[in-house]
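Peer 1: Using only what follows, build the 3D model:
(one chain, ligands or ions: 1)
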Amino acid sequence: MVLIGGGHANVQILKKLCMNRIKGLHTILISKHFDATYSGMTPGYIHRDFNREEISIDLQRLCFNAGATFIKDKVIKLETNLKKIVLQNFPSISYDLLSINTGSISNTKGINIEKLSKCFFAKPISTLVNNLSQIDQIISNKKNRISIIGGGVASYELAFSLLKRYENNLEITIFGKNILKEKNLNEKTKKNLKKISSDLGIKEYSGEIVSITETHLVLISGERFNSDLNILSSGANIETWLSESNLNKDKNGYILVDNNLLSSDKNIFVTGDTCTVENNYRPKSGVMAVRQGQVLKENIFSKLTGKPLVKFKAQKNWLYLIGTYKNKALMNYFFLSFHGRWCWKLKEWIDRGFINKFKFTYNSNMSFRNFDLERPTDIKMYCQGCGSKVSKNTLVNFLNEENSHSDLPDSSIINTNSSSLLQSIDHIKLFTSLNPFDFGIISYLHSQNDILSSGGSVKTISVSQALPFSDGIIESFFMEYFMKGIKSEALKDGSSIISGHSYQSKEPGITITMNGIFEKRISKNQAQEDELIYLSKPLGTGYLLAAYFHNSELLSSFDFQKLMKWMKKGNKNVSDISKSFKSNITTDISGFGLASHLLDICRSSKLSAEIKLNKEILINKNIEILEKFKSTGFDNNFFSSSNDISISKNNKLKNILFDPQTNGPLLISINRRDQIEFEKKFETAIGLKPLLLGKFKKLENYLILVND
Ligand SMILES: Cc1cc2nc3c(=O)[nH]c(=O)nc-3n(C[C@H](O)[C@H](O)[C@H](O)COP(=O)(O)OP(=O)(O)OC[C@H]3O[C@@H](n4cnc5c(N)ncnc54)[C@H](O)[C@@H]3O)c2cc1C
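Peer 2: Have a look, this model is predicted:
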C-alpha cells in the first residue's frame, strides 16, 4: 500500500497501523516534507502561540511506529495503467493499493505574477510555514504594506496572525472578488469578523487582482495599489501530476470520488483538498480532510481484508473556530456566533486533541491487533537454508533493467596491477521506516571507511542483501532501492559492483564486501608522540538513533534530518586530504566506538592519547540525550574499553566514548607543524572545520587520558 502525502487523512491510516498490523502488508508513505503541518494550528504558529513541533506531525517517526517505509520525495507522475508512481528524485514505485492525500496548491488562475514580486502562497500550508523566515526577513523594522489576496476566512485568520507576529508593524489590506462568501458563516459572524479586523486597522477591498508586480497590485478595473509583500490565499487547485492523471475529475478539476472515497480507479482512494465527493460538495478544509480520514482508515482496512466499505457522509454544517487576536477566537455554529477567550481555549483543546494523537511518548507500549490480508500471502511457509533466496524473476528483472550481468555468471574476475589487495566486509541492519535507497548509500559509505582507513581506495564490491519476507513488488522495491542507493555511491567512488547475493530475512540489511588497492599503506602502530588527533565529522549516531526510535521528545524530525545528513556524508575527500599531509594514522570510528579505535592505536603505537571532549564533537549538542540514551552496543563497548581510560566521573560527555557509529568519522593524526595548513585545506575542501580531539603523548598508566 502506498500513501501519497502526509495530509490530515493519510496520517490517520498510519496511526491505525501503529496499533493494528496486517500480515503481508507493506506500507510506504511518500511526502514532500518530513513533517505534516496541521492547518488548524498554523495561524497560532504564525503569531507565536505554538512552536513548530507543536503544530507538526513527524512523518518519519509515525512511519517507524506504524512499521511503514518513509520516502521524502515529490510525486511527479501517476501511471494508473501500470500502477506506478514516478518520483522526482528516487526510482518509481509500484503499488497494489494507493491513497492520495496531497492537499492543494494556491490558485493562480488569471493572475500574472511577476518574477520580482514578493509573492507567497498560503497553500500548501506547509510551504507557507517553511517560507515564514523569508517573510520575516522582508518585514524588518520599517512599516510594510501587505496585501492578502483572497477574501475567505483563511485570509482574515492570516491577517490577524501576521499583525500579531510583527507587532503592528504592518498595513494590511485584504483584496477579494468575493469577501466572506463561505456558505456556513452566519451574518453575525461575518459582521463580527469585519468589525474585529477594522478595529485592528485591517482594510478590505473588493475587486479582482489580475497582476502582481514588484511594487504594485493591479485590479481588473485598472486600479493600482502599492504593495511590499503579497500573500495569495485565493482558493485551491490541484497539482499537475494529478490533473494529468486519468482519474475522473469534477467540473473544477478536483478528483471525483464516490461515497467510499474511492476514485474512478477502484484501487485508489483520494481524500482532503484534492477530492470532491460525488453529490456531496463541501468547501475544502482541514476539518473535512480529518473527517474523511476517519472513514478512509476504516475503508483501507476493509478493502485489504475483503470486508464491505463504509460511506462518508459530509455534514451540512460544522463548527468554525477562527483565531482572532490576543488569544481570542470567533465561534460560528449554525446561527450562533461568539467571540472570546473561551472560544480560543476550546479551539486549542480540539486542535491539541487531534495533533497529540500523533505525538509518541518514550516507552509507549503498543499492543497490536493482527489482521489477515484478503490475499493468502501470510499462509506462505518461507524456506530456510539455500531456499531463502529472493525470486529469480525479481533478480533477473532488476539486472536486465540495469543492463548488467544478465547472463548471471557464477563469479567475476578482478583485474588489478597491485600485488596486494585490500579486502573488508561489513554488515548493517535496516532501521525500520528508513528509505532503503538512503540506507544503500549509508551502507556503502560505512563499508568504504574500512578501505579508506587502510590507506586504500575501493575497486570492486560484492553485495549481499537481506530483503524483508515479501511478494513480487515489495521484493522488487527493496532490491531496486537498496541497489540503486549503493550504486549511486559506487559511481561517485569509481568502483564497480561485481557480484551479489540476495535472500529474504526477518532482519533486512546489507552486507558489503569491498576490495581496494593501496594508495598509501597505513597501519595502527605508526602514531608519533605529539601528533594531533582529529575527527573528520561529529559523533553520536548510536544513541541518537536509539533516542529517536524510542520516541524521545528530546529529538524532533529536524534533529533526525540533521542526523541523516551526517550519516550520508562520506569520508573519501577527508582521506585524500590526510594522505596529502602524509598522515600515518587513519581509522574509522565504527560500531566499537571512539574509545575502542583510539585504544587500538595507542596500544599498537605504545603511546597514550590526551583528549578533551566538548560539545563540538557531537552531532546533537543536547547533552541530556547523551546522558539518557544508549545504543544496544554501548555496554559491550564500555566493558571492553573503560579500564584503560582515565576520565572524571562528572564528565558529562563520557558516554560518547563508547557510542557505536554508523558511517562514523575518520580519526586522523597530523603532525603539529602542519596544523594550520591542514585545518585550512580541510575547511576549504569539506566546508567545515576538522574537530581537534587532542594529541598523542608518552605512554602513561592509562592509554586514554580525558581532560576536563
Ligand atoms: C492560513 C490558513 C489557515 C487555515 N486554517 C484552517 C482551519 O483552521 N481549519 C480548517 O479546517 N482548515 C484550515 N485551512 C485549510 C487547510 O489548510 C486545508 O484545507 C487542509 O490543509 C487540507 O488538508 P489535506 O489533508 O487535504 O492536505 P494537507 O494538509 O495540505 O497535506 C498534504 C500533504 O501532501 C504532501 N504533498 C503535496 N504534494 C505532494 C507530492 N506531489 N508528492 C508528495 N507529497 C505531496 C504535502 O507535503 C503534505 O504533507 C487553512 C488554510 C490556510 C491557508
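Peer 1: ok, the spatially closest residue to Asn584 that is not a sequence neighbour - how many residues close by?
Peer 2: Spatial nearest neighbour of Asn584, excluding adjacent residues (C-beta to C-beta, 6 or more residues apart in numbering): Gln526 at 3.8 Å. All C-beta atoms are positioned from the backbone trio N, CA, C, and that covers glycine. Gln526 is flanked by 15 other residues according to other C-beta atoms under 10 Å.
Peer 1: A strand includes Gln526, no?
Peer 2: No. Read with DSSP: H, G, I helix; E, B strand; the rest coil, Gln526 is coil and lies in no strand.
Peer 1: wouldn't it be in contact with Ile585 here?
Peer 2: Yes. Between Gln526 and Ile585 there is a contact at 6.1 Å, judged by C-beta atoms under 8 Å.
Peer 1: what sits in contact with each of those two?
Peer 2: Ser605 (C-beta atoms under 8 Å, 6 or more residues apart in numbering).
Peer 1: I'd like to know how far Arg224 sits from the ligand.
Peer 2: As judged by C-beta to the nearest ligand atom, to the nearest Å, Arg224 and the ligand stand 26 Å apart.
Peer 1: contacting residues around that residue?
Peer 2: His216, Leu217, Val218.
Peer 1: Which strand or helix spans the last one?
Peer 2: Pointing back at Val218 there. Assigned by DSSP states H and E, Val218 belongs to strand 216-219.
Peer 1: can you pull the buried residues of stretch 254-265?
Peer 2: Using 16 or more other C-beta atoms under 10 Å as the test for burial, stretch 254-265 gives Tyr254, Ile255, Leu256, Val257, Asp258, Asn259, Asn260, Leu261, Leu262, Ser263, Ser264, Asp265.
Peer 1: average pLDDT across the longest strand seen in the chain?
Peer 2: Secondary structure of the chain read by DSSP state E shows that its longest strand is strand 456-468. Averaging pLDDT along strand 456-468 gives 94.
Peer 1: just stretch 233-241 next, same as before
Peer 2: 89.
Peer 1: Tell me how many other residues crowd the residue lying closest to Thr69 once chain neighbours are set aside.
Peer 2: Among residues not flanking Thr69 along the chain, Ile28 sits closest, at 4.7 Å (C-beta to C-beta, 6+ apart). Neighbour count of Ile28, defined by other C-beta under 10 Å: 22.
Peer 1: Equivalent analysis for Lys537, please.
Peer 2: Applying other C-beta under 10 Å, I find that Lys537 has 22 neighbouring residues.
Peer 1: Give me the pLDDT value at Asn144.
Peer 2: 86.
Peer 1: Got a PyMOL select line for the buried ones in the contacts of Arg224?
Peer 2: Entered in PyMOL, the line below selects the buried ones among the contacts of Arg224, by 16+ other C-beta under 10 Å:
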select buried, resi 216+217+218
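Peer 1: For the residue nearest to Thr69, list the residues it contacts.
Peer 2: Counted by C-beta under 8 Å, 6+ apart, Ile28 has contacts Met1, Val2, Leu3, Ala68, Thr69, Phe70, Ile71, Ile93, Tyr95, Phe477.
Peer 1: coming back round to it: give me the sheet partners of the longest strand of the chain and which way each runs.
Peer 2: Strand pairing for strand 456-468, using DSSP bridges, gives strand 496-505 (parallel), strand 509-518 (antiparallel).
Peer 1: Over to Ser590. Which of the three states is it?
Peer 2: Assignment for Ser590 (three-state DSSP): coil.
Peer 1: Neighbours of Ile647, how many?
Peer 2: Neighbours around Ile647, by other C-beta under 10 Å: 19.
Peer 1: What values do phi and psi take at it?
Peer 2: phi -150, psi 140 (degrees, to the nearest 10).
Peer 1: gap between the two ends of stretch 143-153?
Peer 2: Its start and end residues considered, stretch 143-153 measures 25 Å (C-alpha to C-alpha, to the nearest Å).
Peer 1: hmm, back to that, quick one, what contacts the residue nearest to Asn584?
Peer 2: Asn584, Ile585, Ser605.
Peer 1: From Val129, how far out is the residue lying closest to Ser106 once chain neighbours are set aside?
Peer 2: Counting by C-beta to C-beta, 6+ apart, Phe121 is the residue found nearest to Ser106 once chain neighbours are left out, at 3.9 Å. As for Phe121, its distance to Val129 is 11 Å (criterion: C-beta to C-beta, to the nearest Å).
Peer 1: for Thr513, same thing?
Peer 2: 45 Å.
Peer 1: picking that back up, can you pick out the most distant pair from the contacts of Ile28?
Peer 2: Spanning the widest gap among the contacts of Ile28 are Phe70 and Tyr95, at 15.5 Å by C-beta to C-beta.
Peer 1: Looking at these two, which has the bigger crowd around it?
Peer 2: Between Phe70 and Tyr95, Phe70 has the larger neighbour count (other C-beta under 10 Å), namely 26 against 20.
Peer 1: tally of neighbours for Asn169?
Peer 2: If we define neighbours as other C-beta under 10 Å, then Asn169 has 15 of them.
Peer 1: for Lys83, same thing?
Peer 2: Neighbours of Lys83 under the rule other C-beta under 10 Å: 18.
Peer 1: cool, Asn614 as well?
Peer 2: With other C-beta under 10 Å as criterion, Asn614 counts 11.
Peer 1: Next one: the closest residue to the ligand within the stretch 151-300 of the chain from Met288, what distance?
Peer 2: Distances between the stretch 151-300 of the chain and the ligand by C-beta to the nearest ligand atom are smallest at Gly272, namely 2.1 Å. From Gly272 over to Met288 the distance is 7 Å, taken as C-beta to C-beta.
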